[in-house]
Each structure stands twice: as structure tokens, then as C-alpha cells.
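Undergrad: Curious how this folds, go ahead:
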Amino acid sequence: MKSPGDVNLNIAARVRARRKEKKWSQIQLGERADVSLGSVKRFERTGEISLSSLIKIGFALGFEDDFDQLFAKKGYASIQEVIDEQL
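TA: This is a model prediction of the structure:
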């Protein structure tokens, strides 16, 4: 089972990978996202970051649509799921 810390580190790793795909330095990401270099470095190292900074980084890297799906209600796969939710 994943812990919140595991999720933080996984997100940070995906951000780092996307940044490198774009061939951006941490400085460039910080400038494009309007987030301090220290915040970018700390996030990539520890997974710790404020929500507003994470959203800014996500937008700079092209993940804006992914935030719309965060905590969104999932669609039903069957009638039984609809019935079960009503109980």
C-alpha cells in the first residue's frame, strides 16, 4: 500500500522526467512556472511542495488537464455500481 510520501515522490519523479523531456533546467522550470528555484529543487528531491506551486509547475509542463480529473467522480461501469452507491 502506498503512503502519502510515496505518492509525493512519484509525482516529483514524473515532474522531473517531464522537465528533462523538455530539456529544461530546474532554473528554467522555476522561471516558466513562477516558482522559486529552491522550491523546484526541494520538490524534486523530497516531493514536498505547496499546492499552488505544484499547480503552477503542472501548468508550465502541460499537465493542466490532469488537475481537472483530480478527485473527480468516476463514471459507473455497471448498473450494480449505481445501485450499490445508493445504499
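Undergrad: what ranges do the helices span in the protein?
TA: Using DSSP state H, the helices assigned to the chain run over residues 4-21, 26-33, 37-46, 51-60, 64-69, 79-86.
Undergrad: what's near enough to touch the most centrally placed residue in the chain?
TA: The centre of the chain sits closest to residue 11, judged by Cα atoms, centre = their mean, with a distance of 5.3 Å. Residues in contact with residue 11 (Cβ atoms under 8 Å, 6 or more residues apart in numbering) are 47, 54. (C-beta placed from N, C-alpha, C; glycine too.)
Undergrad: cutoff 7 Å now
TA: In this structure, residue 11 makes contact with residue 47, judged by Cβ atoms under 7 Å, 6 or more residues apart in numbering.
Undergrad: rewinding a little: okay if I get the helices of the chain as a markdown table plus mean pLDDT?
TA: Formatted as a markdown table, the helices of the chain follow (pLDDT from 0 to 100):
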| stretch | mean pLDDT |
| --- | --- |
| helix 4-21 | 97 |
| helix 26-33 | 98 |
| helix 37-46 | 98 |
| helix 51-60 | 97 |
| helix 64-69 | 88 |
| helix 79-86 | 77 |
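Undergrad: separation between residue 32 and residue 58?
TA: Counting by Cβ to Cβ, to the nearest Å, the separation of residue 32 from residue 58 is 12 Å.
Undergrad: Which residues does stretch 27-45 contact?
TA: 12, 15-16, 19, 26, 48-49, 53, 56-57, 60.
Undergrad: just the CA coordinates of that stretch, formatted as CSV?
TA: C-alpha atoms of stretch 27-45 as CSV (Å, rounded to 0.1, in the frame of the first residue of the first chain):
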residue,chain,number,x,y,z
ILE,A,27,16.0,27.2,-13.2
GLN,A,28,14.0,27.3,-16.5
LEU,A,29,11.1,25.4,-14.9
GLY,A,30,11.1,27.7,-11.9
GLU,A,31,11.0,30.8,-14.2
ARG,A,32,8.3,29.4,-16.5
ALA,A,33,6.2,28.3,-13.5
ASP,A,34,6.9,31.4,-11.4
VAL,A,35,8.2,29.2,-8.6
SER,A,36,11.4,29.7,-6.8
LEU,A,37,14.4,27.5,-7.7
GLY,A,38,14.6,26.4,-4.1
SER,A,39,11.0,25.1,-4.3
VAL,A,40,11.7,23.2,-7.5
LYS,A,41,14.9,21.6,-6.1
ARG,A,42,13.2,20.7,-2.8
PHE,A,43,10.2,19.2,-4.6
GLU,A,44,12.3,17.1,-7.0
ARG,A,45,14.4,15.9,-4.0
